[in-house]
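Q: have a look; sequence and predicted model below, questions after that.
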Amino acid sequence: MIDHSHYHCPKCSRSLTKDKKVVLNFKRNEADEWNEIFLNPEPGNYDFYTVPTTFFEKGEHVKFCCPKCNADLTSKKDPKFVELKMKVNDFIYFEALFSSVYGDKRTYVITQDDIDVYGDASYEDIPFPDLSIGEVPY
């Protein structure tokens with residue numbers, strides 16, 4: 001199911017998937033201009049390329065924004081993560097969060113009932129509390 005997902009901006013809801021890649025704009029802390037990054041859509045696969053070619057330093061924090069509406073994609077759950085909407089089908093959306101720190105290979109997919117972990121992430125060190133998981137609405 002997750003292998004066939006498409007990613008969308010959580011602000012404008014437009015698709016961020018192009019040619020089987022997730023396309024975002026990024027900016028380094030010292031830089032003034034935004035560049036493009038093409039990410040592998042499979043959770044836990046950290047292959048990517050940038051236009052123009054960019055080399056990051058391990059531990060470097062990178063800022064991401066939507067290429068369609070320019071919205072900041074920093075997660076409100078944790079400022080060291082980027083948050084996207086993961087569309088599984090026309091009725092099912094999940095939250096996908098990945099680290100915005102180069103070399104930190106942690107991805108979390110928040111479903112209706114659970115949090116799935118990918119890469120170096122583990123269930124013991126989820127960095128953000130999500131009170132909606134397992135909560136019964138009244």
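A: Thanks, I have the structure now. Numbers count the residues shown, from 1 in each chain.
Q: C-alpha only now, for contacts and for neighbours.
A: OK.
Q: what stretches of the chain score poorly on pLDDT?
A: Counting by pLDDT under 70, the chain has low-confidence residues at 1-4, 129-138.
Q: that one: strands as residue ranges?
A: Assigned by DSSP state E, the strands in the chain fall at 6-8, 17-18, 21-28, 35-39, 48-51, 62-65, 81-87, 93-99, 106-110, 115-119.
Q: could I get these as CSV with mean neighbour count?
A: Shown next, in CSV, are those (neighbours: other Cα atoms under 10 Å):
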stretch, mean neighbour count
strand 6-8, 23
strand 17-18, 14
strand 21-28, 20
strand 35-39, 19
strand 48-51, 14
strand 62-65, 20
strand 81-87, 24
strand 93-99, 21
strand 106-110, 22
strand 115-119, 16
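Q: need those in CSV (columns: distance to Asp72).
A: As requested, the strands of the chain are arranged in CSV below (distance: least, Cα to Cα, whole Å):
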stretch, distance to Asp72
strand 6-8, 13
strand 17-18, 17
strand 21-28, 10
strand 35-39, 14
strand 48-51, 18
strand 62-65, 5
strand 81-87, 9
strand 93-99, 14
strand 106-110, 18
strand 115-119, 23
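Q: right, so of those strands, which gets closest to Thr74?
A: strand 81-87 (4.7 Å; Cα to Cα).
Q: could you give the separation of the closest one from the chain centroid?
A: With Cα atoms, centre = their mean, to the nearest Å as the basis, strand 81-87 stands 4 Å off its chain's centre.
Q: which elements pack onto it?
A: Counting contacts by 3 or more Cα pairs under 8 Å, 6 or more residues apart in numbering; DSSP states H and E, strand 81-87 is packed against strand 6-8, strand 93-99.
Q: okay, those strands in JSON lines with distance to Glu30 next?
A: Formatted as JSON lines, these follow (distance: least, Cα to Cα, whole Å):
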{"stretch": "strand 6-8", "distance to Glu30": "27"}
{"stretch": "strand 93-99", "distance to Glu30": "19"}
